[in-house]
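Colleague: Provided below are the primary sequence and the corresponding predicted coordinates.
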Amino acid sequence: MSDWSAGYVADIGYTFGYYPELNPLRVKLAFLNAGLVYPDMGNACELGYGQGLSANLHAAASVTSWYGNDFNPAQAGFAQELAEASGSGAKLTDEAFADFANRTDLPDFDYIGLHGIWSWVSDENRTVIIDFIRRKLKVGGVLYVSYNTLPGLSAFSPVRHLMTHHAKIMGAEGLGIVSRVDGAMAFVEKLFAVNPGYVRANPQILEHIKKIKGRDRHYLAHEYFNRDWHPMHFSTMADWLSPCKLTYACSANYLDHIDILNLTPEQQSFLKEIPDAVFRETVRDFMTNQQFRRDYWVKGARKLNAIERSEKLRALRVILSADRRDVSLKVSGALGEATMNADVYNPILDILADNQPKTLAEIEQEARGKGNVTLVQVLEVIMVLAGAGHVKPVQDQAVMDRAKVHADKLNLYLMNKARGSNDVGFLASPATGGGFTAGRTMQLFLLAIVQGKKQPEEWAKFAAHLLAAQGQKIIKDGKTLQTPEENLAELMEQAKVFSEKQLQILKALQIV
């Protein structure tokens, strides 16, 4: 019998997560900050898409044609269900990497994305992936790849080995992977309680274990309990990608672009003395103790001249995707938490406070009337706010209009699923070409609006009726609200906040 899972966890589904770094629209801001030419995203592909939520949100919320594969038929079935519901035409299969890579009906791609998968597959599958990228990524095309990184995970690697070995040797196969994950975690805690020399030599590992203990068991099973788990140095990744003629472009994590958040002045000076880009990036990971990288690579990096870059930057449109009053000036990087300069940030936030798309040129012009703000400062502010999740790049209006048809269909489908499940906590935004966080309650309020209910009180009663019919109750501050009156009162309060703060944002994002 063939092992169709290739050592990958298959007896439990992956989480219904959304990964914004997979959104091709994000490339534009990152590449412009790095001074690079970016491609038009006509065809895109996600390898190993999990439940397919990211691929479907991106397909429905943009005009990019999406393709992808995932070996798990249950996950592929859900992904195909979403694609059919939206009518986006996304072509998502349940093929293994080798089978998908050898298809003759695939176009060449402007963008290929892999989120996390690289660290969880065998060298054999990595070789297949590299050959696929070499053959199918267009000249000028972008590869997004995220992966577990050394040196940051060096200390944890032995613990991961111990956990998987415990699951294999001591866990009961018939009880399923979740039971074996719980058993392995309990064993590690028991081991660490007797203060072994390993923990004394690596005290930071205690905080790492505490952090992952609270994670969803579905996530832990797929993250740490596969047969293959290979963190690697940046330079090793560069070696793997060399046959594809790829050049490192920049980080897909916008905050990584801001040196003052991640490196001391001495560290910045040290890195500037290293002429080789790959070696410099490898050394930088030692500075930040990097554990997980999110990177863009490009097939044929081309620099924009100063005039081209400034023109394209000024034409870039962004939107504040949060309530102005909720945006903190505190942001975290490798050096810890930092507070941004209010004299620079507040005027720009005030300009964006109406949650309407604006070009960087419009922001620059308005900000000049409130102080001596330059385009360079505007760009840094936008990069930081986007990195913190408050600001997002916006598509052209014509693209928004075309995408809205499919996004509306997908959103309605997801909102109807939210009546009986809280699995999916995201909706598609035609404005940003991607997903937006929307929990179950928010989705039920939106569904009430779709059904013609106009007042917060009606939305709350609609949600309360659905939850009560399923015997479900709201948890507030860690306590379950017991009576129907308590549950309705809490939903009324949430509906009021939704009406006053969140609805405007959803309308601006074209979700409503």
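Modeller: Yep, that arrived.
Colleague: From now on I want contacts and neighbour counts done on CA atoms only, so please keep to that.
Modeller: Will do.
Colleague: Skip ahead from the lowest-mean-pLDDT helix or strand in the chain and say which helix or strand is next.
Modeller: Within the chain, no helix or strand scores below helix 217-224, which has a mean of 75 by mean pLDDT, DSSP states H and E. Where DSSP states H and E defines the elements, the next helix or strand beyond helix 217-224 is helix 234-241.
Colleague: who does that following helix touch, helix- and strand-wise?
Modeller: helix 277-288 (3 or more C-alpha pairs under 8 Å, 6 or more residues apart in numbering; DSSP states H and E).
Colleague: Rounded mean pLDDT for the helix it packs on, please.
Modeller: Averaged across helix 277-288, the pLDDT comes to 97.
Colleague: Run through who's touching that helix.
Modeller: Identification of contacts with helix 277-288 by C-alpha atoms under 8 Å, 6 or more residues apart in numbering yields 150-152, 233-235, 238, 248, 262-263, 267, 271, 274, 334-335.
Colleague: Repeat that for stretch 401-411.
Modeller: 57, 60-63, 82, 85-88, 427-430, 510-511.
Colleague: Likewise for stretch 425-439?
Modeller: By C-alpha under 8 Å, 6+ apart, stretch 425-439 touches 18, 20, 23, 25, 54, 57-58, 60-62, 392-395, 397, 399-401, 403-404, 407-408, 410-411, 414, 422, 424, 440, 508-511.
Colleague: same thing but at 6 Å, please
Modeller: For stretch 425-439, contacts defined as C-alpha atoms under 6 Å, 6 or more residues apart in numbering pick out 57-58, 61-62, 394-395, 400, 403-404, 407, 411, 509-511.
Colleague: Narrow the residues you listed to those in helices?
Modeller: Counting by DSSP state H, the contacts of stretch 425-439 place 57, 58, 400, 403, 404, 407, 411 in helices.
Colleague: and the residues you listed as CSV, adding distance to residue 35?
Modeller: Formatted as CSV, these follow (distance: C-alpha to C-alpha, whole Å):
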residue, distance to residue 35
57, 28
58, 25
400, 26
403, 29
404, 31
407, 32
411, 36
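Colleague: Among those residues, find the one with the greatest number of neighbours, please.
Modeller: Most neighbours among the ones in helices among the contacts of stretch 425-439, by other C-alpha atoms under 10 Å: residue 407, with 32 neighbours.
Colleague: Local confidence estimate at that residue?
Modeller: Per-residue confidence at residue 407 stands at 98 (pLDDT).
Colleague: I'd like the distance between it and residue 318.
Modeller: Going from residue 407 to residue 318 by C-alpha to C-alpha, to the nearest Å gives 19 Å.
Colleague: Give me the residue at the spatial middle of the protein.
Modeller: Nearest to the mean C-alpha position of the chain, counting by C-alpha atoms, centre = their mean, stands residue 19 at 2.2 Å.
Colleague: which two from the contacts of stretch 401-411 end up farthest apart in space?
Modeller: 82 and 510 (19.2 Å; C-alpha to C-alpha).
Colleague: what are the phi and psi angles of residue 91?
Modeller: Here is the backbone geometry of residue 91 (degrees, to the nearest 10): phi -110, psi 100.
Colleague: which residue packs closest to it, ignoring adjacent ones?
Modeller: Spatial nearest neighbour of residue 91, chain neighbours left out: residue 67 (4.7 Å); criterion: C-alpha to C-alpha, 6 or more residues apart in numbering.
Colleague: Also residue 230?
Modeller: With sequence-adjacent residues excluded and distances taken as C-alpha to C-alpha, 6+ apart, residue 230 is closest to residue 119, at 5.0 Å.
Colleague: ok, now residue 145?
Modeller: In this structure, residue 145 finds its nearest non-sequential neighbour in residue 114, 4.9 Å apart by C-alpha to C-alpha, 6+ apart.
Colleague: that older thread, of residue 82 and residue 510, who's got more company?
Modeller: Between residue 82 and residue 510, counted using other C-alpha under 10 Å, residue 82 has the larger neighbour count: 25 against 20.
Colleague: ok so, going back, helix, strand or coil for the residue nearest to residue 91?
Modeller: Under DSSP: H, G, I helix; E, B strand; the rest coil, residue 67 falls in the strand class.
Colleague: Okay, domains of this protein per the record?
Modeller: Domain segmentation of the chain under automatic domain parsing yields 20-149+230-298, 157-224, 316-393, 406-508.
Colleague: Endpoints of the last one, how far apart?
Modeller: So the one you mean is domain 406-508. 17 Å.
Colleague: Model confidence for residue 463, exactly?
Modeller: Model confidence at residue 463, given as pLDDT, is 96.
Colleague: separation between it and residue 389?
Modeller: 28 Å.
Colleague: Can you point out the helix or strand that includes residue 318?
Modeller: Using DSSP H and E, residue 318 maps to strand 317-320.
Colleague: Need the residues that contact that strand.
Modeller: Strand 317-320 is contacted by residues 352, 355, 356, 357, 358, 359, 390, 391, 392, 393, 394 when judged by C-alpha under 6 Å, 6+ apart.
Colleague: which ones among these are found in strands?
Modeller: Applying DSSP state E to these, the entries found in strands are 358, 359, 391, 392, 393.
Colleague: How many residues are close by the residue nearest to the second one when sequence neighbours are not counted?
Modeller: Distances taken as C-alpha to C-alpha, 6+ apart put residue 317 closest to residue 359, at 4.1 Å, once the chain neighbours are dropped. Residue 317 sits with 21 neighbouring residues when counted by other C-alpha under 10 Å.
Colleague: And residue 317, what's its pLDDT?
Modeller: Value for residue 317, per-residue pLDDT: 98.
Colleague: what do you get for residue 8?
Modeller: 43.
Colleague: related to what we said a few turns ago, which one of the contacts of stretch 425-439 sits closest to residue 481?
Modeller: Using C-alpha to C-alpha, residue 411 comes nearest to residue 481 of those, at 28.8 Å.
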